[in-house]
Structures are given as structure tokens and as C-alpha cells.
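Enquirer: Provided below for reference: sequence and predicted model.
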Amino acid sequence: SPSQKPEVVHRRLDSLPVDTRQTSVLSSLLTPLLDESMAAYRAELTTASHEYRALTNMNNQAAAVYRAAAESAKTAADTVEQLVDAKTEALQDLASGTSIDEVDRQVGELEALCTRLETYLRQLETRVAKVSPPG
């Protein structure tokens, strides 16, 4: 009936009759072929292994360069942050400690001192001119 599957007969290779001479010839033909195939596969895999090792070394070197660059960037960022903090603190001290009126008063005192110094300098020049011989 069509619903039944045909029976499949499996034979083991061991059970087949073997001609020793044919096996020897077949072996002598296949052995060099298999040896060459294995050598080709081994060479292919060795080449791939060397390439992956070289890529690994290149990646490690690149990673080292990037780590050094990251460290330099971090150091630069820390330095800039310290400078900004110091300048901000200095400006806050200046802004909180001194008013514009105070600065204006101090500038006025400095100008008055400069005027007195100029007057004193002219007096000294006059005295030196009286004492020194004409010449």
C-alpha cells in the first residue's frame, strides 16, 4: 500500500568484500592527496592565526595610545578646572572685598600723592640748579 514506507537496507562498509590490492592502490593514491590537503589547511589556518595575532598586537598598541591620550586629556581638564576655580575665587574675593567707590577713593589718593611727588621733584630740581655750577 502507498502509506507504507519502503524498507531501507543499510550495509556496513565492513561487511563488503575487500580486495587487498585495490585497497593498497587506493591508499597509495589517497594518502598523498590527504597529506597535501592537510598541509594546505594547516598553512591556511597558520596564516589566519598569525594575522589574528598581528591584529591583536596592533589593537593593543592602539589601545595604549588612546589610554595615554585620555590621560593627557584628563590632566589638561583637571588643570583647566583648577585654574578656573582659582580665578573665580580671586574674582569673588575682589568683588566682595572692594566696592567701586572704594577703588575710586584709592585712585584719588594715588593721584594726589603723584601730584605731591611732582611738586617735590620740581623743588628738588630748583635746589640742585642753584647749587650746581653752570655748565
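Expert: Yep, it's here. Residues are numbered from 1 along each chain as shown.

Enquirer: centre of the chain versus whichever strand or helix holds residue 103, how much separation?
Expert: Using DSSP states H and E, residue 103 maps to helix 100-131. Centre-to-centre, helix 100-131 and its host chain are 60 Å apart (C-alpha atoms, centre = their mean, to the nearest Å).

Enquirer: any idea which helix or strand carries the most centrally placed residue in the chain?
Expert: Nearest to the geometric centre of the chain sits residue 66, at 2.2 Å (C-alpha atoms, centre = their mean). Assessed by DSSP H and E, residue 66 sits inside helix 20-97.

Enquirer: now for that helix, which elements pack on it?
Expert: Helices and strands touching helix 20-97, by 3 or more C-beta pairs under 8 Å, 6 or more residues apart in numbering; DSSP states H and E: there are none. Quick note: C-beta positions are derived from backbone N, CA and C, even for glycine.

Enquirer: gap between it and the chain center?
Expert: 14 Å.

Enquirer: for the record, mean pLDDT for it?
Expert: In this model, helix 20-97 has a mean pLDDT of 88.
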